[in-house]
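Enquirer: predicted model follows, preceded by the sequence.
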Amino acid sequence: MISGLAGAFLLLGTLACDGGEVALTAKREHLEAFADMLVPADNPATLEGVALGRDLFFDPLLSADSTISCGTCHRPELAFSDGLPLSRGIGGRLGRRNTPGLANVGYLHQHLFWDGRAVGLEAQALHPIAEPHEMGGDWATVLGKLRRHPDYWPRFRSAFGLGSPDQLEASHVGKALAQFQRTLVSSDSKYDRVQRGEAVFSTAEALGEAIFFDFADDPEGPYAGLPTGECAHCHTPPHFTNQRFFNNGLDAAAHLEDFGDPGRGGITGSKAELGLFRAPGLRNVALTAPYMHDGRMATLEEVVAHYNGGGEYAENKSANVFPLGLDSVQATALVAFLQTLTDSSFVTQSIMLLR
Amino acid sequence: MKYALYLPLFILLFALGCDDDDVLSTQEVDFPISFRAEFGGTPLAIQSADYAYPTGADLKIQLFQYYVSDLELLPAGGGDPVQLSDIELIRWMSATEAATTTRTFQAPIGDYVGLRFGVGVSPDLNAQDPSNFAADFVLNENEFWGPSTRYVFAKIEANADLENDGTFDTPLTYHLGSDALYTTVTFNRTFTLDGTQDPDFTIVADVLKALADDTDSFDIANPDQQRIHGGNQAIATDLWNRLADQFSLETR
C-alpha cells in the first residue's frame, strides 16, 4: 500500500547527474530526524514524474484562462506561500483562506488544508484546478490542453505508461504534482543544524526554545520557573505540526455557531468542531507571513502576543491555550526561536526550480 | 536500522517455524477487543457533553488518550504469555468519535486464564525515537516530548466551569508518564478461544474515576493542579496511579 521514499531520493540523485536539476535533490542526506515519508504504492516517484510535476506546478496552463499556476500562489521565495492575507486566484478573485507554505507537505499524511478536507497530495492537487476562485474550475479545458500539448502529452505517456491521449485524466495531473511536492523537503534550518550538533542557538534562541518546548516542566532543570509556551503540543517537531484540529483562540464565540469560518466543523458537520483548524507546520514560518487561516496577523510578534494573551474565549478553545505570562524579553526570544526554523538553502534551491 | 525493516525478518522466521512439525499448535483466530471511554459510567463524548465533577464544577473533555503496551493473553496451565500487540494508542479527541473503539488481534486457539497489558509505553519502546518507526505507526502520533522526557503515556485535557457560570474557562491539562510510572494491569478471567464462543472483551477506562473517587477528588480548583506535565512528580504520580488503577474489563 505505502512504501518509503528512499527509492525516490536515490532516483533524484541520479537526476542530479544530468546537470541543472540540482534543486530536486534537496538535502537527502539530512533526513535521519524524519520518519520516512509515506508514498502511495500506486504513485512511486520517478524521474519523469517529478520533473513533469515541477513543470506543471509552475505552468499557468493548468488554469482555465492560462493566467494562474500553482506557483502564482505558492511562491518558492516565500517557502511556497504568497505573502497575502487571503489568496488571489483567476481574474484577481479573492479566496477565502490564507495560502500555506508547502515545506515538508509530503510528510503530512493525515489531512491537508486548514480544515483537513483532503487526504493525500494526489487528491489535494485536484482541488485548486477545480476551484472557481483559484484556477477557474475547468478540468475539461485543462485536460484538453494537456492532451493536445506537444511536450506534456508525451511526457505523461511515458511517466504513467498511457496508451492514447484520452487516457490522460485529472488523476495523472494529481499524481505528477504530488510527486513533485514530495521533493519539497526542508531539513537544514538552524534548528535542524542545532539538533545535529552543527550549530548552537544564540542566548535568545535558546530561551525561545525553552519556552516553546516547556523546559520549565523540569523542576530541577536550568529553566525552572520560566513560563511554558505550550507550543509543541500542537506544533510538534520534526514538522512542527501534530496534524490535528484546534481552536487556538482567534475569535470570541459565545455560541459555537458564531464562528465566521466553520473550519473543521464545516467538513465533519460537528457543531463542537466549528472554528477548529489544522495546526499548521511552522517550518520556514518567518517567510510565510501573514499568519492564521485568514492571514489576520502580519508578524510573528503579533502571533506570540496572541498566545501570550491566552486568546479569545469559546468553549472549544484548546485547553493548551491560556495566558502565558511572557515578559517582553521572553516574547522576543520566542520569535527568535521561530526564526531558526527558516531554511535558507531550501529557499535557494526552491528558487532554482524556476530555472 | 529502522524498526519496520525487522518485519519481513519476523515473517521469514515465522515461515521457517512452520516448516517444523508443531504446525498444529499455531492455529489462530481473530480476536477483537474493544476499548470504551466513559465519564462517571456513561460513554464519553468529547467536547459536546457537560459533565458534573464531584467538587461542583462542570467539565467539557477535549482529549483522553493512553498507550497500551504488550497486550497479552495468559495461557491456562502456565507457559509464555501470548502477545496480541506490542503497542496501541487508544485515543478520543474528536466529537465525531464513538466512545467505543474495537481493534482486532490474532490469537492462537486455546484456554486462557487472563489478559494483561502495560499502561503507557513499555521501556524498550520508550527508548526508541519516533523517526525509527513508520510515519503512520502509533509512536509517530506526535506524543514524543523530547530526548529525555520521551513519550507521553496518557493525556486528559478538559475545560472546567468552576463557578457554574456557563463558561468553561479553566483549562486542565494532564500529560503523564515515564518509565518509572509504567504500570501493568492484569485481569484474571477464564476463557477459551476457538472461533465459536469467543468472549467479547471491552476494556473500560473512566475519566472521572481517573480524577476522583467517592472519598477523594483531585482538586481541579487548585491552580497547582490544573496543569500537570511531568513537573510536579508527587501530583503526577498520584494522578497516574488513579488512572492506572481504574481500568476494568467487561466480558460478554
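Expert: That came in fine, so what should we check first? These numbers were taken from a predicted model, which means no experiment stands behind them. Numbers count the residues shown, from 1 in each chain, chains lettered A, B, ... in the order given.
Enquirer: next, the residue nearest the centre of chain A: secondary structure please.
Expert: Centrality entry for chain A: nearest residue to the mean C-alpha point is A:Leu102, 3.3 Å, by Cα atoms, centre = their mean. Look at A:Leu102: counting by DSSP: H, G, I helix; E, B strand; the rest coil, its state is coil.
Enquirer: wait, it sits on A:Ala79?
Expert: Yes - between A:Leu102 and A:Ala79 there is a contact at 7.4 Å, judged by Cβ atoms under 8 Å. Every residue, glycine included, has its C-beta placed from N, CA and C.
Enquirer: show me the helices in the stretch 151-252 of chain B, by range?
Expert: Ranges of helices within the stretch 151-252 of chain B are B:207-211, B:233-245, based on DSSP state H, counting those that start in this stretch.
Enquirer: single out the most deeply packed of those.
Expert: helix B:207-211 (a mean of 22; mean count of other Cβ atoms under 10 Å in any protein chain shown).
Enquirer: how far away is A:Ala41 from chain B?
Expert: Separation of A:Ala41 from chain B (Cβ to the nearest Cβ, to the nearest Å) stands at 14 Å.
Enquirer: sorry, slip of the keys, the one I care about is A:Glu220.
Expert: Separation of A:Glu220 from chain B (Cβ to the nearest Cβ) stands at 10 Å.
Enquirer: that residue: what secondary structure?
Expert: From three-state DSSP, the assignment for A:Glu220 is coil.
Enquirer: what's around it, how many residues?
Expert: Other residues within reach of A:Glu220, judged by other Cβ atoms under 10 Å in any protein chain shown, total 6.
Enquirer: if we can go back for a sec, can you put the helices of the stretch 151-252 of chain B in CSV and add mean pLDDT and distance to chain A?
Expert: Formatted as CSV, these follow (pLDDT from 0 to 100; distance: least, Cβ to the nearest Cβ, whole Å):
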stretch, mean pLDDT, distance to chain A
helix B:207-211, 96, 13
helix B:233-245, 90, 8
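Enquirer: kindly reformat those as TSV and extend each row with distance to B:Ile109.
Expert: TSV is the format used below for these (distance: least, Cβ to Cβ, whole Å):
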stretch	distance to B:Ile109
helix B:207-211	34
helix B:233-245	31
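Enquirer: now the residue nearest to A:Phe212 when sequence neighbours are not counted: how far from B:Ser131?
Expert: Nearest non-adjacent residue to A:Phe212, counting by Cβ to Cβ, 6 or more residues apart in numbering or on different chains: A:Cys231, 4.6 Å away. Counting by Cβ to Cβ, to the nearest Å, the separation of A:Cys231 from B:Ser131 is 20 Å.
Enquirer: who has more neighbours out of these two?
Expert: More neighbours surround A:Cys231 than the other of A:Cys231 and B:Ser131, with 24 against 18 (other Cβ under 10 Å).
Enquirer: B:Arg189 contacts B:Leu249, correct?
Expert: Yes - between B:Arg189 and B:Leu249 there is a contact at 6.8 Å, judged by Cβ under 8 Å.
Enquirer: and for these two, which residues touch both?
Expert: The contact sets of B:Arg189 and B:Leu249 overlap at B:Leu115 (Cβ atoms under 8 Å, 6 or more residues apart in numbering or on different chains).
Enquirer: so what's the backbone phi/psi at the residue nearest to A:Phe212?
Expert: A:Cys231 adopts backbone torsions of phi -60, psi -40, taken as degrees, to the nearest 10.
Enquirer: test my guess that it contacts A:Glu209.
Expert: No - A:Cys231 lies out of contact with A:Glu209 (Cβ under 8 Å); the separation is 10.1 Å.
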